[in-house]
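Undergrad: here is my input, please return the structure:
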Amino acid sequence: MKYRVLTCLLATVLVWPIVGAQRAAPLHVVPVALSPRDSAVHALNRLAYGPRPGEVDRVTAEGVMHWIDRQLVPRKMDDGALARRERDFRILEYDRGDLAGMYAEVQRERRERKQTANQASDTTVTPREQTARRLAGQFQELAVVRAALSERQLYEVMVDFWTNHFNVYFAKGADRFLTPDYIEHTIRPKAMGKFEDLLIATAESPAMLFYLDNWESVAPGSVPPAAMRVRARPLLGRRPAVFSLPPRDPAEQDSMRQRALDGGYTQLDVIEVARIFTGWSIQRPQQGGNFEFHDWAHDTGEKQVLGIRFDGGHGQDEGVRLLKLLANLPATMHHVSWKLCQRFVNDDPPDGCVDDAVAAWKRSKGDIREVLRAIVSGPDFWAARNVRAKVKTPLEFVVSALRAVGADPDTTARLAQVVARLGEPLYLHVAPDGYPEMEAAWVNSGALLDRMNAGVALAAGKLPGVNPTTDSAVGALATPDELIAVVDREILGGTMSGNTKQVIKRQLADIGDPQQARALAIGLALGGPEFQRQ
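TA: Predicted coordinates:
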């Protein structure tokens, strides 16, 4: 097994040390620093992918905290419109085995074409390969459509959060056909449940096992049954002496247990984790098989991770026990809470937000909904310094623009391709850490120009893959000043700067057609600096 696999597992949950004392449980309070309408705008920009036409008024009338309460229980929300649209996505009709079979046939056809043509390359695309490409594009597009159309907005935001937190690389070998199942049956069902359940599910997912190369991990000296046709690769060649742990005195044991609580780990811990996960594999991975534990490949010796002893001979249960341990360590609570506060509050998360989230985690035993409730009920979420303090990722920008104009995306991959051109090809981040949240990753002159062009194209009806209806966002208006004022209110939530107003007014000066003027004003607002913030 490659050590990066185990470092990734530990880093997922054990990076951040505990800081600050625990505070009292946050109250479920209505924000006081913002007006009811501004509170609705803020919630829709952070807990959703931005407002649709008229949605700010609806959430304001309902009460923002009541809207949040409904978002925290997505299973009770009617999402029939999205369900009907999902029927148009054929990718949902294919399971892992179906996609694996198609991928194998595509590879076979390529080999045969090369042999027949007696050349190193052949760019001919067969009907089966066209279908495979179309399905891959649909898989990426489906994320955009769900984010744009779903009533369960917070749920879709959390799906994106966990997709990046537990990242796999769609273009890596078998993950071409394992990743859709991973998103559909591992991430989505558990995105608002218990963190422990989600962690175990991702660790047992064929897509994750393949991505991290863990499916090939066997203990040194292991011999597969004769009937099995698997490629068994030793973990470290011959068993190194470091695997035979010397006895530790009580003082050293106490020190290691404290390190476990604080979230520190050593190279020895990484090796021991590797031993625990030997045998975690995939049944016929190239055919899209299920998770399978190979008892013959498992290291049966005693292990110690973070000062905690794991008796040998317990097979798969050792890995499950370790995952439960990691899921409930204070360091894990802090690290994941920190990332959630970074996603929803500020790139530099306030200590108070993290403390509230950790306290809720402890009370609820890792219930993700309760952790989110603590974050959005706390003062940091609503503090003026954290409003519009974050920059949208390319996915957030594209989806929020679609929603702002009431656009209706189709099932082709064209909108996903727009997201990719802006810098975030979906499911194609190579490293395990997923796409970043930090503003610096997304802000540069070239990226902002691309966003401006996309916004103008969308409003003008020239962005492929979508049918915008600007009428639903902004009605017909008599003067440029009236148009700008309504665009400011409906598209930007009243945040348009004086400079942006002047820029738009100058661009409208020579346009006599009201429809063109409206489209240009909306497009410039979508591509402008205010819309990039949330």
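Undergrad: and P350, what does it touch?
TA: Contact partners of P350, counting by Cβ atoms under 8 Å, 6 or more residues apart in numbering, are 341, 380, 383, 386. For the C-beta atoms, the positions are set from N, CA and C on the backbone; glycine is no exception.
Undergrad: any idea how far it is from P394?
TA: 26 Å (Cβ to Cβ, to the nearest Å).
Undergrad: quick one, helices of the stretch 51-200 of the chain?
TA: 55-62, 64-71, 80-86, 96-117, 127-149, 153-165, 175-182, 188-190, 195-203 (DSSP state H, counting those that start in this stretch).
Undergrad: residues in contact with V487?
TA: 474, 496, 504, 521-522, 525.
Undergrad: tell me which of those fall in helices.
TA: Per DSSP state H, helices hold the following members of those: 504, 521-522, 525.
Undergrad: just flag the most distant two among those residues.
TA: I504 and I522 (9.6 Å; Cβ to Cβ).
Undergrad: out of the two, which sits in the more crowded spot?
TA: Remark: of I504 and I522, I522 carries more neighbours, 28 against 23, as counted by other Cβ atoms under 10 Å.
Undergrad: in a helix, that's where V398 is, yeah?
TA: Yes - assessed with DSSP: H, G, I helix; E, B strand; the rest coil, V398 lies in a helix.
Undergrad: and it, how many neighbours?
TA: Around V398 there are 30 residues (other Cβ under 10 Å).
Undergrad: close enough to count as contact, it and V419?
TA: Yes - with contact defined as Cβ atoms under 8 Å, V398 and V419 form a contacting pair (5.1 Å).
Undergrad: for these two, list the residues in contact with both.
TA: V144.
Undergrad: skipping adjacent residues, who's closest to A40 in space?
TA: V59 (4.0 Å; Cβ to Cβ, 6 or more residues apart in numbering).
Undergrad: can you give me the end-to-end distance of stretch 456-474?
TA: End-to-end distance for stretch 456-474, by Cα to Cα, to the nearest Å: 15 Å.
Undergrad: what residues sit buried inside that stretch?
TA: Buried residues in stretch 456-474, defined by neighbour count with 16 or more other Cβ atoms under 10 Å: 456-460, 463, 465-466, 468, 470, 473-474.
Undergrad: thinking again about what came up before, next, count neighbours for the residue nearest to A40.
TA: V59 - counted by other Cβ under 10 Å - has 22 other residues nearby.
Undergrad: and it, how far is that from H42?
TA: 10 Å.
Undergrad: now swap in H334 and tell me
TA: H334 is 25 Å from H42, by Cβ to Cβ.
Undergrad: what of A525?
TA: A525 sits 18 Å away from H42, going by Cβ to Cβ.
Undergrad: who has more neighbours, these two?
TA: Applying other Cβ under 10 Å to A525 and H42 shows that A525 carries more neighbours, namely 27 against 22.
Undergrad: OK, contacts around the more buried one?
TA: 455, 487-488, 491-492, 496, 500, 504, 531.
Undergrad: which among those gets closest to M65?
TA: Nearest to M65 among the contacts of A525, with distances taken as Cβ to Cβ, is L492, at 23.7 Å.
Undergrad: quick check, the closest one in contact with E530.
TA: Yes - under the criterion of Cβ under 8 Å, L492 makes contact with E530 at 4.9 Å.
Undergrad: domain map for this protein?
TA: 1-77+152-390, 394-421+436-532 (automatic domain parsing).
Undergrad: for the ones you listed, which one sits closest to R96?
TA: domain 1-77+152-390 (3.2 Å).
Undergrad: could you measure from F277 over to A61?
TA: On the measure of Cβ to Cβ, F277 and A61 end up 52 Å apart.
Undergrad: quick one: low-confidence ranges for this structure?
TA: For the chain, the stretches flagged by pLDDT under 70 are 1-32, 117-122, 227-264, 468-472, 475-476, 478.
Undergrad: can you do 90?
TA: 1-33, 109-126, 221-267, 285-286, 445, 467-479, 510-514 (pLDDT under 90).
Undergrad: ok, which stretches of it are strands?
TA: Secondary structure of the chain (DSSP state E): strands at 217-218, 233-234, 280-282, 291-293, 303-305, 308-310, 408-409, 466-467.
Undergrad: now the ones you listed as a markdown table including distance to R369?
TA: Output for the strands of the chain, formatted as a markdown table (distance: least, Cβ to Cβ, whole Å):
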| stretch | distance to R369 |
| --- | --- |
| strand 217-218 | 34 |
| strand 233-234 | 41 |
| strand 280-282 | 29 |
| strand 291-293 | 26 |
| strand 303-305 | 29 |
| strand 308-310 | 29 |
| strand 408-409 | 28 |
| strand 466-467 | 32 |
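Undergrad: out of the ones you listed, which is closest to V106?
TA: Of all those, it is strand 280-282 that lies closest to V106, at 20.3 Å by Cβ to Cβ.
Undergrad: ok, the residue lying closest to E55 once chain neighbours are set aside - contacts?
TA: Using Cβ to Cβ, 6+ apart and skipping residues adjacent in sequence, the residue nearest E55 is L44, 6.4 Å away. Neighbouring residues of L44 by Cβ under 8 Å, 6+ apart: 50-51, 55-56, 59, 153.
Undergrad: do the same with Y94
TA: With Cβ under 8 Å, 6+ apart, Y94 has these contacts: 102, 135, 180.
Undergrad: closest one of those residues to G319?
TA: P180 (24.9 Å).
Undergrad: gap between that closest one and V474?
TA: Distance from P180 to V474, by Cβ to Cβ: 37 Å.
Undergrad: next: V354.
TA: The value you get for V354 to V474, if Cβ to Cβ is used, is 40 Å.
Undergrad: over to R152?
TA: Distance of R152 to V474, given as Cβ to Cβ: 27 Å.
Undergrad: which residues in the stretch 301-450 of the chain form helices?
TA: Under DSSP H, counting those that start in this stretch, the stretch 301-450 of the chain gives helices at 316-327, 330-344, 351-364, 368-377, 379-382, 394-404, 414-421, 445-459.
Undergrad: save those helices as CSV, and put in distance to R284 too.
TA: Converted to CSV, the helices of the stretch 301-450 of the chain look like this (distance: least, Cβ to Cβ, whole Å):
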stretch, distance to R284
helix 316-327, 18
helix 330-344, 33
helix 351-364, 38
helix 368-377, 33
helix 379-382, 47
helix 394-404, 34
helix 414-421, 30
helix 445-459, 42
